[in-house]
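In: Structural data only, the sequence is not supplied:
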Ligand code: MN
Ligand code: MN
């Protein structure tokens, strides 16, 4: 039997503003049998009870899907043709418990255990950054310690927030403590603004992370940086976690904890394209908050960055 290759619904088959919203107008796959045929699954995690300032990321997955309708299959810059070789679908949202964070995190991990069991590479539509912890927990069980490319205005290495160990600003501290990460293969890009102490970003450096503060990125192409990043994180499985607040609020205002002086959309594309060739085992795009996104541009950016992630996964053909 020929390999199944789902295709995004074209704009001449159903108007782009019509039909049920799925990521890139791909089929919504739910049965075990259909999941087993997939290589890659887009998954929504509508969680926002881990946010510390402005909420609203619970609406992120839905709006990213809505803004993904114009994305066409072929990447005209890189030649990537993801749907020519990978079977990709939208496998829906994780049914989180929105009243109970620990229970929500447990449900997310269990959902991703199942995704990984089916051999699916997860590309996740967030949701606040808390969701990356249970995703990494699930991935670690299959892949062992994971390398990480983390784009963010914040390091997300707080010991606690309001006494809580699980929140969107503690994700990578927990990931280190739980030995989910291969700390010598971790890079954080875009960190900036103010800390509680002058040493805040040095906790990451002490773990072995390469920390690229935003100022190091200002006014330049990040293609040379990405050569360094690839050398640092290569040699094992790598996860890509993209907090949309890594981008400047001029382009990505629809987020909960905006910080000025951020990356450009062009630099964001350079970072993701610069991950080509790595053994990527999954990625997420988190912290899009549609209520603060009056133009829809933040969700549009998020949708396109997820497409760029798809284009650099192992096994994607290029033309
Ligand atoms: Mn974050
Ligand atoms: Mn952030």
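Out: Looks like it came in fine. Computed from a predicted model, the values in this text were never measured in an experiment. Ligands and ions are numbered 1, 2, ... in the order given.

In: State the distance from residue 279 to residue 262.
Out: 28 Å (Cβ to Cβ, to the nearest Å). Backbone N, C-alpha and C define where each C-beta goes, glycine included.

In: where along the stretch 51-200 of the chain do the helices fall?
Out: 60-67, 82-85, 101-117, 132-143, 171-177 (DSSP state H, counting those that start in this stretch).

In: do the same with the stretch 201-319 of the chain
Out: 202-207, 223-233, 265-273, 297-311.

In: Can you tell me which of these is most buried?
Out: helix 297-311 (a mean of 24; mean count of other Cβ atoms under 10 Å).

In: which helices and strands sit right next to that helix?
Out: The contact analysis (3 or more Cβ pairs under 8 Å, 6 or more residues apart in numbering; DSSP states H and E) places helix 297-311 against helix 60-67, strand 121-126, strand 237-243, helix 265-273, strand 279-286.

In: Identify each buried residue in stretch 145-154, please.
Out: For stretch 145-154, burial by neighbour count (16 or more other Cβ atoms under 10 Å) applies to 146-154.

In: of these, list those near ligand 1.
Out: Residues of the buried residues of stretch 145-154 in contact with ligand 1 (Cβ under 5 Å from the ion): residue 152.

In: Would you point out the most distant pair within the buried residues of stretch 145-154?
Out: 146 and 153 (22.1 Å; Cβ to Cβ).

In: Can you tell me which of the helices of the stretch 51-200 of the chain is nearest to ligand 2?
Out: Closest to ligand 2 of the helices of the stretch 51-200 of the chain is helix 171-177 (Cβ to the ion; 9.9 Å).

In: residues making contact with the closest one?
Out: Helix 171-177 is contacted from outside by 129-130, 132-133, 136, 148, 150, 155-159, 165-166, 181, 183, 188, 203-204, 207, using Cβ atoms under 8 Å, 6 or more residues apart in numbering.

In: okay, how far is it across stretch 24-32, tip to tip?
Out: Stretch 24-32 has an end-to-end distance of 21 Å (Cα to Cα, to the nearest Å).

In: how about that stretch: buried residues?
Out: 24-26, 29.

In: And residue 279 and residue 262? Which one has more around it.
Out: residue 262 (26 against 14; other Cβ atoms under 10 Å).

In: thought that one was touching residue 191?
Out: No. Between residue 262 and residue 191 there is no contact under Cβ atoms under 8 Å: 10.1 Å.

In: Which neighbours do those two have in common?
Out: With Cβ under 8 Å, 6+ apart as the test, residue 262 and residue 191 both reach 153, 214.

In: Any idea how far apart the tips of stretch 139-151 sit?
Out: Distance across stretch 139-151, first residue to last, is 19 Å (Cα to Cα).

In: And for stretch 180-198?
Out: Stretch 180-198 end-to-end distance (Cα to Cα) = 27 Å.

In: How about the closest residue to ligand 1 within the stretch 151-300 of the chain: what's its closest non-neighbour residue?
Out: Of all residues in the stretch 151-300 of the chain, residue 243 sits closest to ligand 1, at 3.6 Å by Cβ to the ion. Sequence neighbours aside, residue 152 is the residue nearest to residue 243 in space, at 3.9 Å (criterion: Cβ to Cβ, 6 or more residues apart in numbering).

In: do the same with residue 133
Out: Nearest one to residue 133, counting by Cβ to Cβ, 6+ apart, is residue 171 at 4.9 Å.

In: That concludes my questions; thank you for your assistance.
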